[in-house]
Each structure stands twice: as structure tokens, then as C-alpha cells.
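J.: Predicted model follows, preceded by the sequence.
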2 protein chains.
Amino acid sequence: MTAIQDLSKLCVHTITTKPWSVEEAAEAYSAAGVSGMTVWRDVYADRDPQAVGAMVRGYGLQIVALCRGGFFPHATAAGRQEAIEDNKRAIDEAAQLGAPQVVLVCGAAPGQALELSRRQIRDGIEAVLPHAEQRDIQLAIEPLHPMYADDRSAISTLGQANDMAEEIDSAHLGVALDVYHLWWDPDLEAQIERCGAADNLLAFHICDWKTPTTDLLFDRGLMGEGCIDIPLIRGWVEAAGFQGFHEVEIFSTVRWDSDQTEFLEEIKQAYLQHV
Amino acid sequence: MTAIQDLSKLCVHTITTKPWSVEEAAEAYSAAGVSGMTVWRDVYADRDPQAVGAMVRGYGLQIVALCRGGFFPHATAAGRQEAIEDNKRAIDEAAQLGAPQVVLVCGAAPGQALELSRRQIRDGIEAVLPHAEQRDIQLAIEPLHPMYADDRSAISTLGQANDMAEEIDSAHLGVALDVYHLWWDPDLEAQIERCGAADNLLAFHICDWKTPTTDLLFDRGLMGEGCIDIPLIRGWVEAAGFQGFHEVEIFSTVRWDSDQTEFLEEIKQAYLQHV
């Protein structure tokens, strides 16, 4: 595994520095030498996505992806249709921003069987895929940790994401791999190899799993703070042919309550030392 | 799926009613019509296990298992040896109690690779298995939810537990299946069938996954409070040939803070309605 030499593949998700506006984030990421930004939808809720995209690029940052579409399963047909419409809007927004990819957090409905949610996810992706193809936006299925299987994603493993991407089989559909969700999986190396071989490996998200973890959602660690062997997984990802950005996606109330400029500096150092 | 008709297979883990002493628990379970008790080691820390076993059986309760052995991985050889000695003590205690089974929470060491922890688990089981065979105690590998892969179990899926039980291949080694840990797994039905076919399905633990779950350890739900389709999984377990107890194992600070007699009554009703 070659050590990380520079920041040319370092991308930061806007949610990682949630207290900042997108303008503050763009200026700070750029000043810090970060190369890419993945934009969460909340940061442009009251702004023109096209202007936001131009602003971010004006700081020399590449827009890597839009987070997030998905959440296809619902108990009602109306709910599922609304999810499809919302995903089409996300695809339109990605095109306006100049983001080549929409990450899909696929969803789950606590009151229904996982198998049914999985069928609804597949139906939802197939319903929005022509829209994505038309705008040349890639959709990335992100398998989420099994602790989110109740209400965030009925797709819990890379194996499931690979299955779905291969079955639907579109050049505009692939997989986003987040070490936080998948590090525990005994089948991870083989599934990464498979994902790359099928040309479906579209994104690599990084953070760390803290011991102990005190909150299911908002206690992610900075790289090096936890138990995930990120260089090992990066090696597998690169061996599978992935050459894209390394995207830092950290939800942490503790970090959000801290000075964001100092946090960004810590992210840089952690990236150079622990990825 | 045939509905549960009576309490003849209802077992409660002493940890479920943690505020009670083992004497209080035995008396209350018996009065409530519960049929089995799985004994956690803390309840007899300052008592003679043989006397505790006789006391529990005196209330007409069957002792189903001892919780728990395991925690084999450690960074040091001394730590691993101490774990082996502790597991031998647990086996001795099970024999004294009259518990036919020791449940293994296999362990993990946050500072080391999961693959290494898995090898240490296998080495640990093989080291204590002759002791278990000599005392005719069954060891049950319990795969734990992936959110515990950092420090509680490097064995996260039923597939992994099946692999290990089949590779070691002893009549005194099998698997304990807890719906809380495994409900999300897309491969669950097939792995339950495999587990039964190999004669390795030794225990069936039940509770529920609450949405939202507010604590990684101590926020388990009563059956029916969450999103797990327990009757579906019970059907798979029974189709795989399992005819043993249905063991209620709930860690819940909210429930522990409540009246335990009322809680036990709720457990009975939930068992009859949602299992």
C-alpha cells in the first residue's frame, strides 16, 4: 500500500463541516488544499444550484457527488411515487451543480419486510434511471451498516449492492463504498474485487468506527480515531481499479460543536497519516 | 407458522430482569408460568452454583444455558490464556448449575485485525472444547450484530458461525441464534437451514429492534415493539429442526428501571402475541 502523498484525491462532504455555509466551506476547503467537495442538498436549499456549482468550482474545487437521493421504500404507492419524483429532482440538481454522481441511501420502511423494501428499492432505481441516463448522472447505491436496516437502508452489504447493480446493469448505476458501513464484513475484499471487475465501484467514503460508539448516527470518528484499517481497504479498492476521490464523510456532534477550521486541519493530517 | 399456544418453551434470561436476584427471578418466573431460565454468571458471583441450580429447579424451572463464555481475542498471549482459563471455569460452573450449554460471545480486540481475532476465537474454542466434552457441556457460538464487531464479536453473521462450527466439527459445538443480531441479513433463511442441517442450531434468542434505537447496548425492545418479523424467523428455525426453548434476552435500561413483575407480565403477553 503506497502512503497518501498529497491532497489531490481528498474530498470533503459538506455535512462533515455542517456548521459552515457552502460558501464558507468552499473557501475553507480551498484554502486548506482540499481538492474535492461532495455537496449535501441542505446547503443549497435556498440557493440556485447552478450558481452554487459555479461558486465551488471558482474556488478550484471539483464537485464529486451530490448527497443524497434514495429512500425509495414506503408503505403507500403515493409515498413511493413521491420518492421517485424527489430522486428526479436530485438528479436535476446534480446536473445543475455539475455533480456527476448522486449517492443513493436506499431506504427502508420499519413496518414492512426487508424483502419488500428491497423490491421497492429496485423498482425505484429502475424508475429514475432513464432520467439519470438522460442527464448523464451516475447513481451510486450505498450499502449502509446493518444497524440502519430498520429505517435507512434495506441494502446492508456490498454483496447486496453488487447484486442489484449487476442485475439492473446500467452504465449509469454503480456502488458507493463507505468503510464505516462495511469494514466488519468478512466478505469485503472479495466483494470489492467483484465490484471493480463489474465496473461498478463509483465512490470511496472514509471515516472511522470509534470504540465505544455512543450514538448510532452522530458519533463517527476521524480517520485514525477508531478500529477500521482504512489503508487495507484502500488497497483493496485500488486493486479493484478505483482511482477516484477519497471522500471524508463524518457525522459527529462533538466535531460539529468544535472549531471547524481546526477540525479541517485535523482532517488533513488524519488523511495523510491514516488513509 | 403455528401461533404460540402456551409458555412451555418460554425461557427468560436473568439479565432481562437484571434488578432481581436469582432467587427473586426464579420465584417470579415460576409464578408467572415461565418454563426455563438462562442464568448469567453475575447472579451467582457470591453463591454456590450447585445450590443455585438446585434452587432454580426447585421452582420447576429448567436451566437452559449459562451466559456467557467467550471473549477469546486479546493482544497478548497472557490475555488469551486467561480467557481460556475463564471459559473452562464457565464450563465447570455450567456443570455445577446443571446448565447443558454455555453461550459464547466470541470477542474482538479493537486494536487488531478482525481476521486475527477470528483465528484467536477458533484457537480459543479448540483449546476449551475438550473440557466441554469431558463435562458434556455444549458450546454455542453466538454471532453478534456487526455494530459490535469492534470489541464484542468478530463473528458477525450466521454464515461465519456456521463456517466455524462446521470446520471445528464437534458434537459439543454449535450456534446460538439471536434475532436481534441477525434479522437484517439477506442470507439468514439459507444460513438457518444450513445450521439445522449440520445439527448446529442450539439456541434461539428473541427480543426486538426498536426504531429509533437510542443506545447500542441497552435499548433492546420487547417482542412486538420493533421491526423484526419474529414469527417468520421462528418458522425458519423450526423448519430447520429446532425444537428448543425461545429465550427472551432483553438489555434495556428503561425496562430495568420499571417494575419487574409488570415487565415479566408484558413479556408473557408479548411472547404469546408476537413470537
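T.: Looks like it arrived, so ask away. Predicted model only: the values in this text are computed from it and were never measured.

J.: I figured A:Thr38 hits A:Arg68, correct?
T.: No: judged on CB atoms under 8 Å, A:Thr38 makes no contact with A:Arg68 at a distance of 9.4 Å. C-betas here are computed from N, CA, C, even on glycine.

J.: Look up which residues are beta-bridged to the residue nearest to the spatial centre of chain A.
T.: Geometric centre of chain A, nearest residue: A:Val103, 5.3 Å, by CA atoms, centre = their mean. Beta bridges link A:Val103 to A:Cys67, A:Ala140 when assigned by DSSP bridges.

J.: Chain B contacts on chain A?
T.: Remark: the part of chain A in contact with chain B comprises A:110-111, A:113-114, A:118, A:145-147, A:149-151, A:156-157, A:159-160, A:183-186, A:209, A:211-214, A:216, A:226-227, A:229, A:232, using CB under 8 Å from any CB of the partner chain.

J.: give me the number of residues near the closest residue to A:Phe242 other than its chain neighbours?
T.: Counting by CB to CB, 6 or more residues apart in numbering or on different chains, A:Leu201 is the residue found nearest to A:Phe242 once chain neighbours are left out, at 4.8 Å. A:Leu201: 26 surrounding residues under other CB atoms under 10 Å in any protein chain shown.

J.: Same check on A:Asp136?
T.: 12.

J.: what's the answer for A:Asp48, then?
T.: Neighbours of A:Asp48 using other CB under 10 Å come to 12.

J.: Spit out the contact partners of it.
T.: A:Gln96 (CB atoms under 8 Å, 6 or more residues apart in numbering or on different chains).

J.: follow-up on the earlier one: beta partners of the residue nearest to A:Phe242?
T.: On the basis of DSSP bridges, A:Leu201 is bridged to A:Val175.

J.: so it makes contact with A:Glu238?
T.: No: using CB under 8 Å, A:Leu201 is not in contact with A:Glu238, being 10.1 Å away.

J.: Where does the stretch 1-150 of chain A get nearest to chain B, which residue?
T.: A:Ala149 (3.7 Å; CB to the nearest CB).

J.: The closest residue to that residue other than its chain neighbours: what secondary structure?
T.: Of all residues not flanking A:Ala149 in the chain, B:Trp184 sits nearest, at 3.7 Å (CB to CB, 6+ apart). Under DSSP: H, G, I helix; E, B strand; the rest coil, B:Trp184 falls in the coil class.

J.: Give me the phi and psi for B:Trp184.
T.: Backbone geometry at B:Trp184, expressed as degrees, to the nearest 10, gives phi -80, psi -10.

J.: can you pull the contacts of it?
T.: Counting by CB under 8 Å, 6+ apart, B:Trp184 makes contact with A:114, A:146, A:149, A:156.

J.: hang on, the last one is in a helix, isn't it?
T.: No: if the criterion is three-state DSSP, then A:Ser156 is coil and not within a helix.

J.: mind checking pLDDT for it?
T.: Residue-level confidence at A:Ser156 comes out at 98, pLDDT.

J.: Surely it and A:Pro143 touch.
T.: Yes: contact between A:Ser156 and A:Pro143 holds when scored by CB under 8 Å: they sit 5.9 Å apart.

J.: what touches both of those two?
T.: Joint contacts of A:Ser156 and A:Pro143 (CB under 8 Å, 6+ apart) are A:His181.

J.: Any stretches of chain A with poor pLDDT?
T.: A:1 (pLDDT under 70).

J.: on that earlier part again, just the buried ones from the residues of chain A next to chain B?
T.: A:110, A:114, A:118, A:145-147, A:149-151, A:156-157, A:159-160, A:183-186, A:209, A:213, A:216, A:226-227, A:232 (16 or more other CB atoms under 10 Å in any protein chain shown).

J.: How many neighbouring residues does the residue nearest to A:Ile15 when sequence neighbours are not counted have?
T.: Distances taken as CB to CB, 6+ apart place A:Trp40 nearest to A:Ile15, at 4.7 Å, with adjacent residues excluded. A:Trp40 has 20 neighbouring residues, counting by other CB under 10 Å.

J.: just the one 10 residues further on next, same as before
T.: One way to gauge burial is a neighbour count; for A:Gln50, by other CB under 10 Å, it gives 14.

J.: Need the residues that contact the helix or strand containing it.
T.: Using DSSP states H and E, A:Gln50 maps to helix A:49-58. The contact list for helix A:49-58 (CB under 8 Å, 6+ apart) reads A:22-23, A:26, A:37, A:39, A:43-44, A:63, A:93, A:96-99.

J.: The stretch 1-150 of chain A: strands as residue ranges?
T.: With DSSP state E, counting those that start in this stretch as the criterion, the stretch 1-150 of chain A has strands at A:10-13, A:36-40, A:62-70, A:101-105, A:138-141.
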